[in-house]
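K.L.:
fold the stuff below for me.
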Amino acid sequence: MAIHLKSTKNWSVIYEELPSHHPTMSVGGAAPYRGSPFPLALPLPFLYIHHTYQPDRPCRSFRQCSRNMRAMHFVVGSDGYIYEERGWHHLGTNTRGQNSYGYSVAFIGNNSSSLPSRHALDLVRQHLAKCSVDNRRLQANFTPHWHRQLVDTSCPGDALYSEIRGWEHFGVRDCSVL
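P.N.:
Numbering: from 1, shown residues only. The predicted structure is shown next:
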């Protein structure tokens, strides 16, 4: 079980089912919301996969990983943890025009030519996704998308792009109709 930096009623079930999780928005130095956070209408239909690109090497400690948090819902480090950024209930600011339709998950590092650790991939594929569906945060028939399907970018990198094409639930779903 991960060390919990804060605990709230909303997280009690999630903590039990998602063992490697740090809720770290304030600890990671994320910019606070300006105004009031915009609530999401759950469950969401999409899971957006990103990479942070910088740093180009995987982080392997809490301190390194926490510096790489941005406006994602969750960030995954090769240190074996999923870090909460915007969390389950509020709009992220990372996937232009699509933020209210899915959770954004970023693997820390540049995945253009190499993959995150197998453990980091499994945390998202087998734990975060399952936990999100089981707790009605993601729809049971959710579709993972990579960032490049939605905007003109190379994110999440060619290596990670190739990896997630084989994931369960993966499909090409027209996001422009949302």
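
K.L.:
low-confidence ranges in the chain?
P.N.:
Applying pLDDT under 70 to the chain flags the ranges 1-35, 53-70, 146-157, 169-178.

K.L.:
show me where it has its strands.
P.N.:
Here the chain has its strands, by DSSP state E, at 21-23, 44-51, 74-76, 82-84, 102-107, 138-146.

K.L.:
now distance to S36 and mean neighbour count too, for the ones you listed, in TSV please.
P.N.:
Bear in mind the C-beta positions are built from the backbone N, C-alpha and C, glycine included. What follows is the strands of the chain, written out as TSV (distance: least, Cβ to Cβ, whole Å; neighbours: other Cβ atoms under 10 Å):
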stretch	distance to S36	mean neighbour count
strand 21-23	20	23
strand 44-51	20	24
strand 74-76	21	28
strand 82-84	19	25
strand 102-107	20	27
strand 138-146	24	19
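
K.L.:
do you know which of these lies nearest A159?
P.N.:
For A159, the closest of the strands of the chain is strand 44-51, at 9.2 Å, according to Cβ to Cβ.

K.L.:
and the closest one, what does it pack onto?
P.N.:
Secondary-structure packing of strand 44-51 (3 or more Cβ pairs under 8 Å, 6 or more residues apart in numbering; DSSP states H and E): strand 102-107, strand 138-146, helix 158-164.

K.L.:
one more pass at 10 Å, please.
P.N.:
On a contact count with 3 or more Cβ pairs under 10 Å, 6 or more residues apart in numbering; DSSP states H and E, strand 44-51 meets strand 74-76, strand 102-107, helix 129-134, strand 138-146, helix 158-164.

K.L.:
tell me which of the ones you listed lies nearest to Y48.
P.N.:
Minimum separation from Y48 across the helices and strands packed on strand 44-51 (Cβ to Cβ) falls at strand 102-107, 4.5 Å.

K.L.:
direction included, what does that closest one pair up with?
P.N.:
Here strand 102-107 has these sheet partners by DSSP bridges: strand 44-51 (parallel), strand 74-76 (parallel).

K.L.:
so what's the nearest residue to P39 once chain neighbours are set aside up against?
P.N.:
Excluding its sequence neighbours, the residue lying closest to P39 (Cβ to Cβ, 6 or more residues apart in numbering) is H89, at 5.9 Å. Going by Cβ atoms under 10 Å, 6 or more residues apart in numbering, H89 touches 10, 37-40, 42, 73, 137.
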